[in-house]
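**Student:** got a predicted structure plus its sequence, pasted below:
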Amino acid sequence: MKGMKKELITLRVNNEDYEIFTYPNKTLLEVLREDLMLTGTKEGCSEGACGTCTVLMDGKPIRSCLMLAVEAQGKDITTIEGLSEDDELHPIQKNFIEQGAIQCGFCTPGMILTAKALLDENPRPTEDDIKVAISGNVCRCTGYAKIVKAIKESSK
Amino acid sequence: MVDFVGKDILRVDAFDKALGSILYGPDQNIEGALWLLAKRSPYPHARILSIDTSQAETIDGVVRIFTAADIPGENSFGIIPVTKDQTLLAKDKVRYIGDAVALVAAYDLKSAKEAVDKIKVNYEELPAIYDPEESLKKGRILIHEKGNLLCSSRIIKGDIEKGFSNADIIIEREYRTSRLEHLSLEPEGGIGYFEDGRIVIIASTQNPHYDRDDVARLLGLSPDKVRVIQCGTGGGFGGKLDISVQGFIGLAVYHLKRAVRMVYSREESFLTTAKRHPLIMRYKTGAKKDGKLTAVKVDIIGDTGAYASYGLAVIMRATVHATGPYEVENVYVDGKMAYTNLPWCGAMRGFGVPQIAFAHESQMDILAHELNIDPIDIRLINAFKKGSVTATGQRLDHSVGIKESLYKIKEIRDKYSWSKKKGERLGTYIGVGVGSMWYGIGNTGVPNPSTAQVELLPDGSAILYTGAAEIGQGSDTILLQIASQRLGIAIDRIKLVRGDTLYTTNAGATSASRQTYISGNAVMDSIDHLEDILKAEASEQMDLPSSELIVKDGKIFSIKDSSKSIDIFELVKICNKNKVRVIGEGRFDPPTIKLDPETGQGVPYATYAFASQVSRVEVDTFTGFIKVLNSASAHDVGKAINPKMVKGQITSGVAMGIGMALMEEFVPNKTKSLKDYYIPTSMDMPEIIPIIVEDKEPTGPFGAKGVGEPALIPTAPAIINGIYDAVGVRITHLPANLERVIGELLKKEGA
Amino acid sequence: MRDFEYIAPKTVKETLDVLDEYQEDCKIIAGGQSLLNILKQGLMAPEYIIDIKNLEELNYIKFDEKDGLKIGATTTHRSVEFSDTIKEHYNVLSEMERHLATVQIRNWGTIGGNLCIADPTGDVAPPLLAMDATVIIANKDGEREVTVLDFGVDYYETVVGPNELLTEIRVPVIPSNTGIAYLKYRIVEGDAPIVGAAVAFTLNEKGACKKARIGMGGVAPIPIRAEKAEKMFEGEKITDTLIEEAAKVASEETTPIPDIVASAEYKKRVIGVYVKRAAKLALTRAEKAAN
């Protein structure tokens, strides 16, 4: 096989279309962070075990570190940057701030996006529903209690 | 009238974090920055015979490869001044798998990886030591020239033999804990560049000033030639105190004078950053029939791994806290810290006290059961109170909230009737366990000052300058609350300049739960100084002696005639016009007395946090699975500057404690990534009741002490004691993972 | 990840042609939730990655009363989890999916991919074993049907050849008076199970056991059935004692590999516990179905 060739891919991120010239073995996470400079999505472990790389694809949370960028073509991707409109915080973001659900903040973007997907699907989740929904997002700082509360508040 | 202290103010950094716009170490980027990647040793102990970088240098995209010869200053660093024994790039030998031997700078990470693979290092393998007791035996190969004993620490009080002969009961047990990983979600990372004749490093860190000093030392530069800026830091827990990427970045910028970037992979973070020290603790506790302790003898062997890091501090802390928060007349504690060829250990939330608390609380629990005394009562019988004298001979004169914390958890336990019983599912049993702790705030018996400045601006606002690193624990918010309350200026009118060695002075590390108490006091001191300056300036303006003036309610008054006053900010305007900055400087160093090297007597800390926790656990005797159902944790924090944030810390401590007690274990050579290391998820959390106890610390800012590490400490003890209550099995080796629990259950069945 | 060329065929036929051309030099990616880690760790370095995720031809869930259930290989875990058809007729699969890995992984990962990656602790195989499921494997020249029991060869290795593609999972109609349960044991939610047990009981008119199936994961290089233990139930009234004894036998049929998580003895002990628990739940469900 000759040297790997770059490919032109089109990604729709936060309602904007981007054309990126990149290698097929780049993950969606790498392209978001390095090519699109959307550093709100994080790389905590690169093996899909921590959840900090969570983005929404067609409204569903996925691990962007476990997806090739080329696979994400034709899909609607939402990152944390796409959640607030013109400096107006999304209600989930407001509640995270108000409930004290943020400490170091590294898990926050992934956590908020997962919460959004949950509430879009199930507007009145129980506390157990919430705990299950965020069980794929690790937090080392808060102990989760305030995060669950913030999401519950957002469901009202 | 401002009223911020004691209020649940929203965190000042929450907005940016919720937006995802705050830039952490790995997010830093500069167009054209070169990628740095280290080549690391695959052997635990080996001599370096030669390093051949010639093939690697031919790789397209490689700019430069560095080895130890390229380090212009002292190729040794370490967080504790007297034990700087770690090389940035190994010179003669490597001491653990992961020890860095070369550094590659390349245009992209891919080329850097290829180059690292092509660097040829000729090693001569040496026998490796994996056990700290082995390491201390005579005739073993030396890991460091000065010997395999890093240091030792001793506390001697009273007459230990007499203490035991007076005892009605003596309990002897051995306890062991494992290496643990901080697992801050943010891996280490940062960038560096050359500007204004300085090497500038922007990285996540818990102590930017220490980073600057040790990087300058590595490069043979004076500290003012290095500037370190703390960027957003996604958790630290003690793992971001030692330098990680900073040294490499500094070295590359020194030689290349261009922008460079370095981010640790999770695997690299696991392998090459600090771990929690595993301790072997042999306890002998003597007590009277009525539960009163008469003697405590402890032998501690710690494994500090390949390099010293915080080893000295950890063993000192462990020995100082070994008795637990209890009055004991006769104490003998001997602690030793040994080198091994395993991943090196350093600070991790608690510095040795979580391990020690697990041991002393297990001992108290055993005593309670043997003597048929309620576990909370036996602690009340022995707990410190005002006037108690510790094992180091320190009299605790104030802020000793241990008993209050015990009353609080007793209240909860009895209110909800938590007690031992059968679980709902066949084979499960529920038990209730208690754990108490004490924790000295600040570094042990050594100076660890903090400094700060507060400046007033003519528009009525202020600037707080502090070097105190915010790592998620909330110091930015807390220090602003303190400044705001003391100044009488609304919190959103105070700008924070933080963690930049060019604009802020050293506040000491964000460790030892010290920032609220020590930096908080520095802030208060700087405002005291500010007031002196205001009075001096006003004295000139008003032509009155400054001794006659007071600062109050936004004005400077004459106490003799209140109609004579000047508005503070009017005064600031005048001063600024005359090119005088109105800026107060503050400093605080907790009053301590160095511990005697033979007997450990002295005053190690100016104040202590105290706490107790009661936990309800469910044990599945078929699988060994343990679920924590409820936890109530009461912490004496002196004064809660921000109660919501204090409760957040307590909750977080329970979470980390569950990990420490039940599932976390870093097994060298086996634990490679997050898939091999279990930390609690949302599903593992119990119902938590965080309780704040306020036994005001007179020397603390508004009475405050600290809670960051205390939050964790009583958790594992309470869980382990709960397991014993449930199924009569005592786990003496943490974590109480499935195999250990089943193993003990089977042993009990067989007996 | 090493370099590779990326190919996204538009039809199954095209896929089979490509596989036939590249054979060992290529690897199929569907959801990639397991494969991407393998590639990142450098454990595999194929020259070509064949992306079949967008093959709508393979994304379906069909059921009829005669042939039973047919799931296309690229159906996501989440689709299986939420499918009303599956909840109604094969609820154990929906239950299994609900606890598989994490939400994020289920949204993109596929049920076919899970079987093909052949992680011995995989959740998908045990319930399929308990239901006598089969899979369809296609290549350029045709297709063949293989039982899930015969599907695994070794850790991370199946009978799918280098030029072949798993296209469908088939589960026969569940006989009436049947109860099925899958329970698994893991340390933290979202993590790979340590062991898992799926038990299916079909009762006869007298309420005794007509057929028993026990599928187990994490206790051998491939997912296995506890065939000796299954035979103990046939024709017998299922009692707690019988379940207890059969669970012991099932545990003895295993050959677990010790790893960082647990020793072989521990896994043997725990699979016994879980076979017992799954059996009790399956019995309750079978009895309910019979009434």
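**Tutor:** That came in fine, so what should we check first? Residues are numbered from 1 along each chain as shown, chains lettered A, B, ... in the order given.
**Student:** partners of B:Glu687 in the sheet?
**Tutor:** Counting by DSSP bridges, B:Glu687 is bridged to B:Asn630.
**Student:** could you do C:Gly217 as well?
**Tutor:** Here C:Gly217, judged by DSSP bridges, has bridge partners C:Gly196.
**Student:** what's the distance between the longest helix seen in chain C and the middle of its chain?
**Tutor:** Of all the segments assigned as helix in chain C under DSSP state H, the longest by residue count is helix C:264-290. In this view, helix C:264-290 has its centroid 17 Å away from the chain centroid, taken as Cα atoms, centre = their mean, to the nearest Å.
**Student:** tell me what that helix is packed against?
**Tutor:** Of the remaining helices and strands, those touching helix C:264-290 by 3 or more Cβ pairs under 8 Å, 6 or more residues apart in numbering or on different chains; DSSP states H and E are helix B:738-750, strand C:178-185, strand C:195-203, strand C:209-217, helix C:240-252. Using the backbone N, CA and C atoms, a C-beta is placed for each residue, glycine as well.
**Student:** most packed of the ones you listed?
**Tutor:** Among the helices and strands packed on helix C:264-290, the stretch with the highest mean neighbour count (mean count of other Cβ atoms under 10 Å in any protein chain shown) is strand C:195-203, at a mean of 29.
**Student:** remind me what it packs against, helices and strands.
**Tutor:** By 3+ Cβ pairs under 8 Å, 6+ apart, strand C:195-203 packs against helix C:125-130, strand C:178-185, strand C:209-217, helix C:264-290.
**Student:** kindly reformat these as CSV containing mean pLDDT and distance to A:Leu29.
**Tutor:** Output for the helices and strands packed on strand C:195-203, formatted as CSV (pLDDT from 0 to 100; distance: least, Cβ to Cβ, whole Å):
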stretch, mean pLDDT, distance to A:Leu29
helix C:125-130, 97, 30
strand C:178-185, 96, 29
strand C:209-217, 97, 30
helix C:264-290, 95, 34
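**Student:** what ranges do the strands span in chain A?
**Tutor:** Here chain A has its strands, by DSSP state E, at A:7-13, A:16-22, A:54-57, A:60-63, A:76-78.
**Student:** nearest to B:Ala295, of those strands?
**Tutor:** With Cβ to Cβ, the closest approach to B:Ala295 among the strands of chain A belongs to strand A:54-57: 54.5 Å.
**Student:** burial of C:Pro221, as a residue count?
**Tutor:** 16 (other Cβ atoms under 10 Å in any protein chain shown).
**Student:** repeat that for the one 4 residues further on.
**Tutor:** By the measure other Cβ under 10 Å, the count of residues near C:Arg225 is 21.
**Student:** now the residue of chain A found nearest chain C, nearest residue through space, not along the chain?
**Tutor:** Residue of chain A nearest chain C, by Cβ to the nearest Cβ: A:Gly136 (2.6 Å). For A:Gly136, ignoring the flanking residues on the chain, the nearest one in space by Cβ to Cβ, 6 or more residues apart in numbering or on different chains is C:Thr102 at 2.6 Å.
**Student:** need the strands of chain A in a markdown table with mean neighbour count and mean pLDDT, can you?
**Tutor:** A markdown table is the format used below for the strands of chain A (neighbours: other Cβ atoms under 10 Å in any protein chain shown; pLDDT from 0 to 100):
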| stretch | mean neighbour count | mean pLDDT |
| --- | --- | --- |
| strand A:7-13 | 17 | 94 |
| strand A:16-22 | 12 | 95 |
| strand A:54-57 | 27 | 98 |
| strand A:60-63 | 28 | 97 |
| strand A:76-78 | 20 | 97 |
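**Student:** relative to C:Ala133, which of those strands is closest?
**Tutor:** Of all those, the one in closest proximity to C:Ala133, counting by Cβ to Cβ, is strand A:60-63 (26.8 Å).
**Student:** what is that closest one packed up against?
**Tutor:** Strand A:60-63 packs on strand A:54-57, helix A:108-121, helix C:103-108, going by 3+ Cβ pairs under 8 Å, 6+ apart.
**Student:** show the pLDDT at the closest residue to B:Leu738 other than its chain neighbours.
**Tutor:** Leaving aside its chain neighbours, B:Leu738 sits nearest to B:Gly624 (4.0 Å; criterion: Cβ to Cβ, 6+ apart). On pLDDT, B:Gly624 comes in at 92.
**Student:** using the three-state scheme, assign B:Gly624.
**Tutor:** When classified by DSSP: H, G, I helix; E, B strand; the rest coil, B:Gly624 comes out as coil.
**Student:** how close does it sit to B:Glu664?
**Tutor:** To B:Glu664, B:Gly624 is 16 Å away according to Cβ to Cβ, to the nearest Å.
**Student:** and the chain, what are its domains?
**Tutor:** I'll assume chain A. Domains of chain A are assigned by automatic domain parsing as A:7-82, A:91-154.
**Student:** not what I meant, chain C
**Tutor:** Per the record, chain C has its domains at C:5-51, C:56-171, C:178-290, by the TED database.
**Student:** same list (the ones you listed) but as CSV, adding distance to B:Ala128.
**Tutor:** CSV is the format used below for these (distance: least, Cβ to Cβ, whole Å):
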stretch, distance to B:Ala128
domain C:5-51, 25
domain C:56-171, 30
domain C:178-290, 20
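**Student:** wait, which of the helices and strands packed on strand A:60-63 is closest to chain B?
**Tutor:** Of those, nearest to chain B by Cβ to the nearest Cβ is helix A:108-121, at 4.2 Å.
**Student:** any residue of that closest one up close to chain C?
**Tutor:** Yes - residues of helix A:108-121 contacting chain C under Cβ under 8 Å from any Cβ of the partner chain: A:114, A:117.
**Student:** next secondary structure element downstream of the top helix by length along chain B?
**Tutor:** Counting by DSSP H, the longest helix found in chain B is helix B:520-542. Downstream of helix B:520-542, the next assigned helix or strand under DSSP states H and E is strand B:549-552.
**Student:** average pLDDT across the helix or strand following that following strand?
**Tutor:** The helix or strand immediately downstream of strand B:549-552 is strand B:555-558, counting by DSSP H and E. The average pLDDT within strand B:555-558 is 90.
**Student:** do stretch C:74-94 as well
**Tutor:** 97.
**Student:** how long is stretch C:24-36 end to end?
**Tutor:** 18 Å (Cα to Cα, to the nearest Å).
**Student:** what segments of the stretch 351-500 of chain B are helices?
**Tutor:** For the stretch 351-500 of chain B, helices defined by DSSP state H, counting those that start in this stretch occupy the ranges B:353-371, B:375-382, B:402-415, B:475-487.
**Student:** residues near the closest residue to chain A within the stretch 101-250 of chain C, how many?
**Tutor:** Closest residue of the stretch 101-250 of chain C to chain A, Cβ to the nearest Cβ: C:Thr102 (2.6 Å). Close neighbours of C:Thr102, defined as other Cβ under 10 Å, add up to 28.
**Student:** who does the helix or strand containing C:Lys70 touch, helix- and strand-wise?
**Tutor:** Assessed by DSSP H and E, C:Lys70 sits inside strand C:68-72. Counting by 3+ Cβ pairs under 8 Å, 6+ apart, the packing neighbours recorded for strand C:68-72 are strand C:61-64, helix C:84-89, helix C:111-117, strand C:165-171.
**Student:** 7 Å instead?
**Tutor:** Judged by 3 or more Cβ pairs under 7 Å, 6 or more residues apart in numbering or on different chains; DSSP states H and E, strand C:68-72 is in contact with strand C:61-64, strand C:165-171.
**Student:** list the buried residues for the last one?
**Tutor:** If I follow you right, that is strand C:165-171. By 16 or more other Cβ atoms under 10 Å in any protein chain shown, the buried positions in strand C:165-171 come out as C:165-171.
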